[in-house]
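Chemist: Give me coordinates for this.
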Amino acid sequence: AGASTIRLIRELRRIVTTTNAHDAAYPRSGFANQLSDLAKLIKADRGLEIAALDYGGWDHHAFQGGTRGAMSNMLGDVSAALAAFVEDLGPRMNRVLVLFMSEFGRTANENGTNGTDHGHGGHMLAVGGRVKGRKVYGKWTGLDKRSLNQGRDMPVHTDFRQVFAESLR
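Modeler: Below is the predicted model:
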C-alpha cells in the first residue's frame, strides 16, 4: 500500500508540474495556484473525487479595512481565482462542486484596532454546474444587537456538516 501511494503521489506531482495549458488566466496568488493545480488534476481524469484546499490569513483582528483593506483584497482574490477555475474547467464544472467556507465567523462590529474578533456564524459558498445558484440560502436574523449571538456576532443557523453530507449524497 505504501509503494502504491508513493507511485500515485509521484504521478500526481508529475501531472501538476508538467501540465502547463490552462483555458483561463489565473491571478497570481497562493490560492489561485492551488486551484490551478487542482484543475490540472481534474483535467487529467485520474479519478479524483474529493480535494481540500486551504487559504489562510483570514484572522483580521486588526486593520481589516473597508473596500481596500485586507479582507476586501482577499475576497477579490477568491472571486478572481474561482472565476478562473470555473472558466478553466468549462463543461467539466457540471461534474464539479466547490464548497468554500470559513471555520468560524467574525464579530458584526469593528473592534478597537479596526478589525473584528472571532464569532460564531460563518459563511459557505457553493460553485458548480449543478448548483441552483444566484441565491442566498440560510436564515437572516439581522444585525441589531438582540439578533446577534451574545450581542456581538452572527448566530449559527446551518451546520456545515449537513451541507457537506447533502453534497456527498
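
Chemist: Provide a list of residues in contact with Arg92.
Modeler: Counting by C-beta atoms under 8 Å, 6 or more residues apart in numbering, Arg92 touches 42-43. In this view, the C-beta of every residue, glycine as well, is placed from N, C-alpha and C.

Chemist: Going forward, count from 427.
Modeler: New numbering, starting at 427: the last item is Arg518.

Chemist: That one falls within a strand, correct?
Modeler: No. Counting by DSSP: H, G, I helix; E, B strand; the rest coil, Arg518 is not part of a strand but helix.

Chemist: list the buried ones in stretch 492-503?
Modeler: Neighbour counts using 16 or more other C-beta atoms under 10 Å place 497, 500, 503 of stretch 492-503 among the buried residues.

Chemist: now swap in stretch 475-492 and tell me
Modeler: For stretch 475-492, by 16+ other C-beta under 10 Å, it's 481, 486, 490.

Chemist: could I get these as TSV with pLDDT, distance to Ile441 and secondary structure?
Modeler: Shown next, in TSV, are the buried residues of stretch 475-492 (pLDDT from 0 to 100; distance: C-beta to C-beta, whole Å; DSSP: H, G, I helix; E, B strand; the rest coil):
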residue	pLDDT	distance to Ile441	secondary structure
Tyr481	93	22	coil
His486	87	35	coil
Gln490	88	38	coil
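
Chemist: wait, which of those is closest to Arg440?
Modeler: Tyr481 (25.1 Å; C-beta to C-beta).

Chemist: Could you report the neighbour count for the closest residue to that closest one other than its chain neighbours?
Modeler: Spatial nearest neighbour of Tyr481, excluding adjacent residues (C-beta to C-beta, 6 or more residues apart in numbering): Phe457 at 4.5 Å. Counted with other C-beta atoms under 10 Å, residues neighbouring Phe457 total 22.

Chemist: ok, Phe457 - contacts?
Modeler: 479, 481, 503-504, 507.
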